[in-house]
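starting from these lines, generate the structure:
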Amino acid sequence: MKTLRLILGDQLNHNHSWFQQTDENVIYLMAEMRQETDYVKHHIQKVVAFFLSMRNFALYLKKNNHQVVYYEIDDVNNPQSLEKLIQQHIENHSIEKFEYQLPDEYRLDKQLKQICQNLSVPTEVFDTEHFYTTRTELAEFFQGKKLLLMENFYRMMRKKHDILMVGNNPVGNQWNFDHDNRKKYKGEVPIPNAKVFPKNVTDIIRQLDKIEVQTFGSIDVEKFNWPTSREECLEQLEYFCHHLLKHFGDYEDAMHTDEKFLFHSRLSFAMNSKMLSPKEVIEQVVHYYHHNKTEITLSQVEGFVRQILGWREYVRGIYWKEMPNYANMNSLENHNTLPDFYWTGKTKMNCMQKAISQSLEEAYAHHIQRLMIIGNFSLLTQMHPDEVDAWYLGVYIDAIEWVEMPNTRGMSQYADGGILATKPYVSSGSYINKMSNYCGSCHYNVKDKLGEKACPFNSLYWNFLDDKKEHFKNNQRMAMMLNLLNKIPAEELYQIKLKAKEIMEDLDII
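A predicted model of the protein is given here:
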């Protein structure tokens, strides 16, 4: 039976069962499409990384004698419509069956189901063979439970997949080393240079310019550094194990003005495009730990495993459990718009300037920069979650909706009303000062709530708690902070709220 198989841009899984043998009756279809470049405004490095990775994957398939039809973004024969693309090839190649892999974004899942209903040939959908869990496994695990605690899910996953376990017990008799993973980086240990894969991407930039694809952010066209082939991704994984893993856990929450990447693996794009699987990443990291216990402690490895086996699988499960309603949630009724400096990085707040500028320059920031700097500020200034969502989805190279939306709308903005997080992740400037060296060279004074040089985070924090106190009055995890709020003298709180109002009325001058 002559079969057409669609491969999406984030389905670059070399080890998928589809590709284990060649079949002259199977045609693989891949296309760079305006549908995907335009549904949200993306960082230029994100678009380039996906297109390069897709082209490398198509080349790999061709070298292994698979039949591949590939459309580049500016090809005059590229219909730029997924339905037209599929219909066209079914007709042109006398296709008798259409197959695709489960998309990881709800919009594509819905679109492909609709397309299949309109096709004249039988269709079949396959698993991507990437994740540890199915789409519905988390929902089934938490069925009948009120709280969807990630820790409970994570422990189940550790047991089920026998990762860092001795029988039914965790290695070291401790499930979670989170409290050991909160060190501030003070230069105690040298940070190795980031592993880079410089390549000239002038041709792709010309193609994007030619058809006027709208992007933002910057790129070094002669030295684009992200891994965009399986070989490069495997090199990145090996580099992480050999050079970064031994200090990863200690400093995974740290931030530093001179260090953009610290000890982070920078493997998220490799995994989210499926060039690497979470299983092979975890297996290699755990294997390296077992053979290097004299230099690597358990807390470094557990912190890394938790991010992938726990958090990554957890947010995907939340996404499929709660969509499509999740995309419209705004439980705190926030409606403000993003200031211009989210697109320029021009602000006197050193922490925001560093985190946003890095995001615009590298298409990357690590999880604490995303959550406790940019996300924290967005929530304290009561930005509309739709705006925050779109910015995060566009700016980060690893941002695909299934992983970005629960992290942003749920964890960061608490727009889901507590489905994912038990409390909003907000703080005053003190947390930022505790975990970084940003405050020492800032225009503002981290200790002040009032006055011209007062850190904006301080008044914004207490103003947020006061504005939303009715919403959180029954939240036990917020009780201590609300008690502290109640102890602030009325006149002082009034002045704090005036200061916060002044800040929010013109965010681009702070």
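
which residues of the stretch 401-510 of the chain score low on pLDDT?
The stretch 401-510 of the chain contains no residues with pLDDT under 70.

neighbours of the residue lying closest to P406 once chain neighbours are set aside, how many?
The shortest distance from P406 to any non-neighbouring residue, by Cβ to Cβ, 6 or more residues apart in numbering, is to V315 (4.0 Å). C-beta here means a position set from N, CA and C on the backbone, and glycine is covered the same way. V315 has 20 neighbours, counted by other Cβ atoms under 10 Å.

which helix or which strand is home to V315?
Assigned by DSSP states H and E, V315 belongs to helix 313-322.

list the helices and strands that helix packs on?
Applying 3 or more Cβ pairs under 8 Å, 6 or more residues apart in numbering; DSSP states H and E, one finds that helix 313-322 contacts helix 137-141, helix 150-160, helix 401-405.

how about a markdown table for those helices, with distance to E129 and mean neighbour count added?
Listed next are those as a markdown table, based on distance: least, Cβ to Cβ, whole Å; neighbours: other Cβ atoms under 10 Å:
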| stretch | distance to E129 | mean neighbour count |
| --- | --- | --- |
| helix 137-141 | 15 | 17 |
| helix 150-160 | 17 | 17 |
| helix 401-405 | 16 | 24 |
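
which of those helices sits closest to K423?
Of all the helices and strands packed on helix 313-322, it is helix 150-160 that lies closest to K423, at 13.4 Å by Cβ to Cβ.

so what touches that closest one?
Helix 150-160 is touched from outside by 132-133, 138, 141-142, 163-165, 168, 170, 175-176, 305-306, 309-311, 313-314, 317, with contacts defined as Cβ atoms under 8 Å, 6 or more residues apart in numbering.

what segments of the stretch 201-350 of the chain are strands?
Ranges of strands in the stretch 201-350 of the chain, per DSSP state E, counting those that start in this stretch, are 215-216.

could you count how many residues lie near S331?
Residues within reach of S331, counting by other Cβ under 10 Å, total 16.

quick one: the helices in the stretch 51-200 of the chain, in order.
82-92, 106-117, 137-141, 150-160 (DSSP state H, counting those that start in this stretch).

mind exporting the last one as CSV, just the C-alpha atoms?
Taking C-alpha atoms only, helix 150-160 is exported to CSV below (Å, rounded to 0.1, in the frame of the first residue of the first chain):
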residue,chain,number,x,y,z
MET,A,150,4.4,16.8,41.1
GLU,A,151,6.4,15.1,43.9
ASN,A,152,3.9,12.2,44.0
PHE,A,153,4.0,11.8,40.2
TYR,A,154,7.8,12.0,40.3
ARG,A,155,8.1,9.3,42.9
MET,A,156,5.8,7.0,40.9
MET,A,157,7.9,7.6,37.8
ARG,A,158,11.1,6.8,39.6
LYS,A,159,9.6,3.5,40.8
LYS,A,160,8.0,2.6,37.5
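
so where's the chain uncertain?
Using pLDDT under 70, the chain has no residue that qualifies.

including distance to D10, could the helices of the stretch 51-200 of the chain go into JSON lines?
Converted to JSON lines, the helices of the stretch 51-200 of the chain look like this (distance: least, Cβ to Cβ, whole Å):
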{"stretch": "helix 82-92", "distance to D10": "14"}
{"stretch": "helix 106-117", "distance to D10": "9"}
{"stretch": "helix 137-141", "distance to D10": "20"}
{"stretch": "helix 150-160", "distance to D10": "22"}
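
please pick the buried ones from the contacts of helix 150-160.
Buried residues within the contacts of helix 150-160, counting neighbours by 16 or more other Cβ atoms under 10 Å: 132-133, 138, 141-142, 163-164, 170, 175-176, 305-306, 309-311, 313-314, 317.

who's in contact with S441?
The contact partners of S441, by Cβ under 8 Å, 6+ apart, come to T257, N350.

and if we set it to 10 Å?
S441 sits next to T257, N350, K354 when contact means Cβ atoms under 10 Å, 6 or more residues apart in numbering.

so which of those wins on neighbours?
Most neighbours among these, by other Cβ under 10 Å: K354, with 25 neighbours.

re the thing from before, nearest to T422, of the helices and strands packed on helix 313-322?
Across the helices and strands packed on helix 313-322, T422 has its closest neighbour in helix 150-160 (9.8 Å, Cβ to Cβ).

so the closest one versus helix 313-322, what angle?
110 degrees (axes from the mean of the first three to the mean of the last three Cα atoms, to 10 degrees).

now helix 150-160: how far from the chain's centre is it?
Distance of helix 150-160 from its chain centroid, counting by Cα atoms, centre = their mean, to the nearest Å, is 21 Å.

still on that earlier bit, these two touch, right, the residue nearest to P406 and S412?
No: counting by Cβ atoms under 10 Å, S412 is not a contact partner of V315; they are 11.5 Å apart.
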